[in-house]
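1. based on what follows, work out the 3D shape:
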Amino acid sequence: MTVIIPAWSRSALRLTDNPIVKLAQLFMHNQLGAELLLLQPLPWLRYQLQANHLTTLPWWNVFDDLQQVHQAEGLPLGLEDLDLPRDTQFVYLADKVLLVQGQRIAGEVTFHAAGFVSQVTLTNPDGTRVIRTYDDRGFCATQTTYDHRNNRVETLWFNPATLPVMRRAADNHVDLLAAGGQVTQTYASLEDLIIERVQAHLAGRDDLIISAADPVTADILTPIAQQHRVAYLLANRVAPTLPDNLFAALERVIAPTQQMAKKFRQVNANLDVPVDVVSPYATTLSLGNSTELPETTIVWAVNYQPLHEQALVTRQLTDWLVKDEQHTITIIATSKVAADRLVQQFRQRIIAAADIAEDSPEYLLLQGLLIQLENHQALMQPDKLPAAIQTVIGSLQRVRVRYRLTDHDRQEILGGARLLIDLGEIPNLQLQIAAISAGIPQINRVATGYVADHENGLIVSHLTDLPAALDFYLATLIHWNESLVKSINYLEDLAEPKLLAYWKGVITHGEHA
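-> Numbering: from 1, shown residues only. You can find the predicted model right below:
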């Protein structure tokens, strides 16, 4: 059974773009035996698995082993289940509950997105604090104490019967505790203890281990890789600099793109570990219908471009937008903050393109109308408004800004788009593959191996080349149709059977050596 080691944080819920999640789903859907091996404390794991459709995949968490947790499921706690002083008053806020004792705020309760208690912070009059984290199976998993200067004093781990089973002191040594609180064994660090338990779990097994590349787990993974077959799966955005003794012990490194493989070899030039390039995302042909729609939509994935570059692209896309009432733009931002900023940026450019001065009566009228629209209020007699204002409102309504996309969102957006623009230093791989699936060309500044210049897209050298690149695909359908054919050819390497064949080869390679 293949072992898959993620590097999830406990707060991550939807991991739509996570390569390890996609790989686990691929194995699960095709009945390839796999087990998740979890090296981090994940008190809300059940909800992470549910949100990412991995509930039927077997898993083993080293912290469950350490904390003597034997049940896979349980009921989380509510506010009424907490053991708090009888005189505690509750003050309900939008995202938490304050705990008030007398005239003093004595702490707060925070909640998981699913509604149960996830953490309680208690503040003592002397400034010391206690933070308790609650497992979604209905017990306090950890308690960490901080002094008045916010230095960690100790952390206790509990079993489901609320008995402490492990303690980490301020100097980071870890004690295992008997039921009566006596120390039974001491380790120099938590990592040493985790390594011992994981090695025991894997003893006698020659299964392939596929691990997410992450500095958080590097020290733990190094001794494991020295005794087991480990394939290291690089993420989409980072070529990590990790310990040489870890990379020297790996069976192989797997990069999602040619670009990432090249960066990895540059960063780790002294190592002789094989580097394969394999997409973590499988796809099928799902052609869009953009040529059948009255409007022409282009999609801009902003993708962490510097602000001065975003401003230039905004100006270029605004120039294209206002040329034709059938032109529309969908912008994919990296966060809500970025989305709000881009909305304002496009608004300013569109108003400027309409020659409406900021100190003019038209500008003041327009601001009032935009507030109405933001509050979802219908405009009275919009056809009676000045022509320039009608133009601005029409243009703004043809700009859509999105963020936090699901797979369905991605398919829906690109299915109606004529073109994808991603000018980031590391193009968004999942969007690239979704665009190939939809059969639409892409404009990038960096070659990843999935978009070839003048085949299924254009690789531009400078941002100032963008207007010409737009014309190349949008002026006529000649080049667009050529790109469609090339995109279909690329799909073969991204089909699920091809990815499965690769992983089956990796799993069996060296199994009986």
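
2. Val69 is in contact with Asp136, isn't it?
-> No: assessed by CB atoms under 8 Å, Val69 is found out of contact with Asp136, at 11.5 Å. C-betas here are computed from N, CA, C, even on glycine.

3. quick one, which of the two is more surrounded?
-> The neighbour count for Val69 versus Asp136, taken as other CB atoms under 10 Å, is higher for Asp136 (23 against 19).

4. what about that one, distance to Pro6?
-> Asp136 is 17 Å from Pro6, where distance means CB to CB, to the nearest Å.

5. next: Leu396.
-> Computed as CB to CB, the Leu396 to Pro6 distance reads 41 Å.

6. the more surrounded of those two?
-> Comparing Leu396 with Pro6 by other CB under 10 Å, the one with more neighbours is Pro6, at 29 against 17.

7. ok, now which ones touch the more buried one?
-> Asn18, Ile20, Val21, Ala24, Leu36, Leu38, Ala212 (CB atoms under 8 Å, 6 or more residues apart in numbering).

8. just among those, which is most surrounded?
-> Most neighbours among these, by other CB under 10 Å: Ala24, with 26 neighbours.

9. low-confidence ranges, the stretch 151-300 of the chain, go.
-> Low-confidence segments of the stretch 151-300 of the chain (pLDDT under 70): 236-241.

10. just the helices in it please.
-> 190-202, 215-225, 244-249, 258-267 (DSSP state H, counting those that start in this stretch).

11. same for the second one, what does it pack against?
-> Using 3 or more CB pairs under 8 Å, 6 or more residues apart in numbering; DSSP states H and E as the contact criterion, the secondary-structure elements in contact with helix 215-225 are helix 190-202, strand 209-212, helix 244-249.

12. from the chain's centre, how far out does the last one sit?
-> Once both centres are worked out by CA atoms, centre = their mean, to the nearest Å, helix 244-249 turns out to sit 27 Å from its chain's centre.

13. please report the number of neighbouring residues for Leu98.
-> Neighbours of Leu98 (other CB under 10 Å): 15.

14. with Ile413 instead?
-> 23.

15. could you look up the SS state of the nearest residue to it once chain neighbours are set aside?
-> Distance criterion CB to CB, 6 or more residues apart in numbering; nearest residue to Ile413, sequence neighbours excluded, is Thr330 at 5.6 Å. Following DSSP: H, G, I helix; E, B strand; the rest coil, we place Thr330 in the strand state.

16. I'd like to know how many residues surround Thr330.
-> Using other CB under 10 Å, Thr330 has 19 neighbouring residues.

17. now do the one 4 residues further on
-> By the other CB under 10 Å criterion, the neighbourhood of Thr334 contains 17 residues.

18. over to Ser290?
-> Neighbours of Ser290 under the rule other CB under 10 Å: 20.

19. and it, how far from Leu414?
-> Distance from Ser290 to Leu414, counting by CB to CB: 9 Å.

20. show residues contacting the helix or strand His308 falls within.
-> Per DSSP states H and E: His308 is located in helix 307-321. Outside helix 307-321, the residues that touch it by CB under 8 Å, 6+ apart are 298, 300, 302, 305, 327-329, 342, 345-346, 349-350, 353, 395, 398-399, 421, 423, 463-464, 466-467, 470.

21. how about 7 Å then?
-> Contact partners of helix 307-321, identified using CB atoms under 7 Å, 6 or more residues apart in numbering, comprise 300, 302, 327, 329, 345-346, 349-350, 353, 395, 398-399, 423, 463, 466-467, 470.

22. buried ones among those?
-> Among the contacts of helix 307-321, those classed as buried by 16 or more other CB atoms under 10 Å are 300, 302, 327, 329, 345-346, 349-350, 353, 395, 398-399, 423, 466, 470.

23. in helices, which of these appear?
-> The members of those that map onto helices under DSSP state H are Gln345, Phe346, Arg349, Ile350, Ala353, Ser395, Leu466, Leu470.

24. is it correct that the fifth one is in contact with Phe346?
-> No: with contacts defined as CB atoms under 7 Å, Ala353 does not count as touching Phe346, sitting 10.2 Å away.
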